[in-house]
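1. okay, predicted coordinates and the sequence, questions at the end:
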Protein chains: 2
Amino acid sequence: MPKQVDHAARRAEIAHAALRLCAHDGLAGVSMGRVAQEAGVSKGLVQHYFPAKADLLRASAHLLRQEIERHVRAALPDAGSPADTLRRTLLAVVQLGARAPVLLLAGHAFLATAVADPDVRELYRAGGDTVHREIAALVTATASEPGLDAGAEAHVLLGLARGLADGVLVGELDVTEAVAVLDHQLGRIGVRANS
Amino acid sequence: MPKQVDHAARRAEIAHAALRLCAHDGLAGVSMGRVAQEAGVSKGLVQHYFPAKADLLRASAHLLRQEIERHVRAALPDAGSPADTLRRTLLAVVQLGARAPVLLLAGHAFLATAVADPDVRELYRAGGDTVHREIAALVTATASEPGLDAGAEAHVLLGLARGLADGVLVGELDVTEAVAVLDHQLGRIGVRANS
DNA sequence: CCCTTCGCGATACGATCGTATCGCATCAAA
DNA sequence: TTTGATGCGATACGATCGTATCGCGAAGGG
C-alpha cells in the first residue's frame, strides 16, 4: 500500500477552516478556494476530501454540532449536584455568545440550509431534542419545587439560554447581565447560584 | 421633467425580493442577478437603485426590521389590557417561526454581517433594545406580583420567545407546545392566557 | 414640436466561483 | 528494487459573480 494519512483528521481540519470562514462572513463567504487558503492547503486537496461543496458544508455542520457539544461539556469538569450541573450547562450555552461566537454565528448561518437540506435539518432537530431531554432530566433531578413540569421548564430554560446567547452576541446585553437573568429564572425553580 | 416613478417603492420591492432569496438560501443565495429575476426586473434596474451589493443588503436589513415590527404590531389590532398586549406581543414573536419563517431566517442570515458591519449591528442592537423596553413597560403595567424586576423579566420573556421561535422554526417543537410553554412562564408573573 | 433629462435595459469586463482532469511525487508490498 | 496504488498539487473550463458603461425610449417644459 502507498502513503497513508489520517483521513478523518484532514477532513476535520478543512471543515474547521470552513466554520471559521462561515462565522466571519456567513455562508456567503465560504468557497472552496478560500477554505483551502484558510486551512493552509491547496484547493485540490479540499476537492480531494470533499468532491462537492455540499459535502464540505454538511461535514462542517456536523463538526459544528460536535464543537458546541464539546464546549458545553467542557464547562462541567467536576460534576457537582444535578442543580450545579444544570446551571453550568445553561451558563455554557449563554457564554457561547461571548466565548465562542464563531460557533453561534456558524450555527445561525446554517439555519437556512437546515430548512432546505433534510440531513442538516435532522441534525438541528436531533441536537435540540437531545439537549432538551438532558435539561429536563436535570430539572427532574433537582426538583426542589413540587409539581414542576420538567419538559416545560426545560423548554423555558433552553429557549431562554439560547435567546440570551444571541442577545450577548449582538451586544444587546453583556454576559454578566445575561447570567443574572438566567440565575433569576433558575432561582424560581429552586436552583441557587452557589453550587 | 421626464418620467417620474416612485423611487422608494421600487427600492422596497427589490429589497423584498432580496429578503425572500435570503430566507430560502441564506445570504449565499443573494446575487444581483437573482434578485433581479426574483423581483421580475432587469439586472440593470437593481443596479440603478443599489449601486453596490452592500447597499442592497443594508436596505434589506432595514426592511427586514420594519417587516418584523409590522408583523408583531399586526397581532395587536384591538389593544386590550397591558397583560393581553404583553401576551399577544410575545405570541407574535413565537409565531414568527411558523407564520413568517422568511423573516426569522433572513434575520439569522444577517447576524454574520451584523458583527462585521457596524450599521447593521446597530440596527440589531437598537431593535432589541426597543423591544426590550416595551416588554419591560408592559411587565411593569401588568405587575400582578410585587417586587418584580421588570427588566430581568423582560429579558426572560424576550429571550424565551426568541428561543421558542427558533425551536418552532427547526421543528424541535410545534406552535401549540411553544405557546403552552410561553403561557406557563407568563403565568408565573401573573399573566393568564384568557385576556 | 423639439429638447432636455431621467428611467432603465443591454452589453461588456475581469474576477472568482465550483468542478473536472491530468500528472507527479511518495511509500508499502512484492 | 521494481511496482502500482494513492495523496495531492496544478491547470483548465464554463458559469456566474459584481460592477462599469453605453444607448435608447419616454415624458414634461420651452
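-> Yes, it's here. Numbers count the residues shown, from 1 in each chain, chains lettered A, B, ... in the order given.
2. for chain A, what are the low-confidence residue spans?
-> Low-confidence segments of chain A, defined by pLDDT under 70: A:1-3, A:195.
3. tell me the secondary structure for the spatially most central residue of chain A?
-> The geometric centre of chain A, computed from its C-alpha atoms, lies nearest to A:I68 (Cα atoms, centre = their mean), at 3.2 Å. Secondary structure, DSSP: H, G, I helix; E, B strand; the rest coil: A:I68 is helix.
4. go on, the one 10 residues further on?
-> Counting by three-state DSSP, the backbone at A:D78 sits in coil.
5. for it, what are phi and psi?
-> Dihedral angles of A:D78 (phi, psi; degrees, to the nearest 10) stand at phi -110, psi 110.
6. go through chain A and flag its longest helix.
-> Ranked by number of residues, the top helix in chain A under DSSP state H is helix A:118-142.
7. tell me the helix or strand right after that helix.
-> Moving toward the C-terminus from helix A:118-142, the next helix or strand (DSSP states H and E) is helix A:150-169.
8. in that next one, what's buried?
-> By 16 or more other Cβ atoms under 10 Å in any protein chain shown, the buried positions in helix A:150-169 come out as A:150-169. Placement of C-beta: from N, CA and C, glycine included.
9. residues of the helix or strand that comes right after it that come out buried?
-> Tracing the chain C-terminally past helix A:150-169 and defining elements by DSSP H and E, one meets helix A:175-188 next. Neighbour-count burial for helix A:175-188 flags A:V175, A:E177, A:A178, A:V179, A:A180, A:V181, A:L182, A:D183, A:H184, A:Q185, A:L186, A:R188 (criterion: 16+ other Cβ under 10 Å).
10. ok, and of these, which contact chain B?
-> Taking Cβ under 8 Å from any Cβ of the partner chain as the test, chain B is in contact with A:E177, A:A178, A:A180, A:V181, A:H184, A:Q185, A:R188 out of those.
11. how about the first one, nearest residue that isn't a chain neighbour?
-> Residue nearest to A:E177 in three dimensions, not counting chain neighbours: B:H155, with 7.5 Å by Cβ to Cβ, 6 or more residues apart in numbering or on different chains.
12. ok, now which ones touch that neighbour?
-> Contacts for B:H155 were tallied using Cβ atoms under 8 Å, 6 or more residues apart in numbering or on different chains; they are A:L164, A:G167, A:L173, A:E177, A:A178, A:V181, B:H132.
13. closest to A:D119 among those?
-> In terms of Cβ to Cβ, no member of those lies closer to A:D119 than A:L164, at 28.8 Å.
14. for that closest one, which non-adjacent residue is spatially closest?
-> Using Cβ to Cβ, 6+ apart, the closest residue to A:L164 is A:A178 (4.3 Å).
15. would you agree the one you found is in contact with A:L91?
-> No: using Cβ atoms under 8 Å, A:A178 is not in contact with A:L91; the gap is 9.1 Å.
16. output the set of residues of chain A in proximity to DNA strand C.
-> A:1-4, A:30-34, A:43-44, A:47, A:51-54 (Cβ under 7 Å from any atom of the strand).
17. from those, list the buried ones, please.
-> A:V30, A:S31, A:M32, A:R34.
18. from DNA strand D, how far out is the second one?
-> What that stands for is A:S31. Separation of A:S31 from DNA strand D (Cβ to the nearest atom of the strand, to the nearest Å): 11 Å.
19. how close does that residue get to A:Q47?
-> Using Cβ to Cβ, to the nearest Å, we find A:S31 at a distance of 12 Å from A:Q47.
20. ok, now the last one?
-> In this view, A:R34 and A:Q47 are 13 Å apart by Cβ to Cβ.
21. repeat for the first one
-> Using Cβ to Cβ, one gets 14 Å for the distance from A:V30 to A:Q47.
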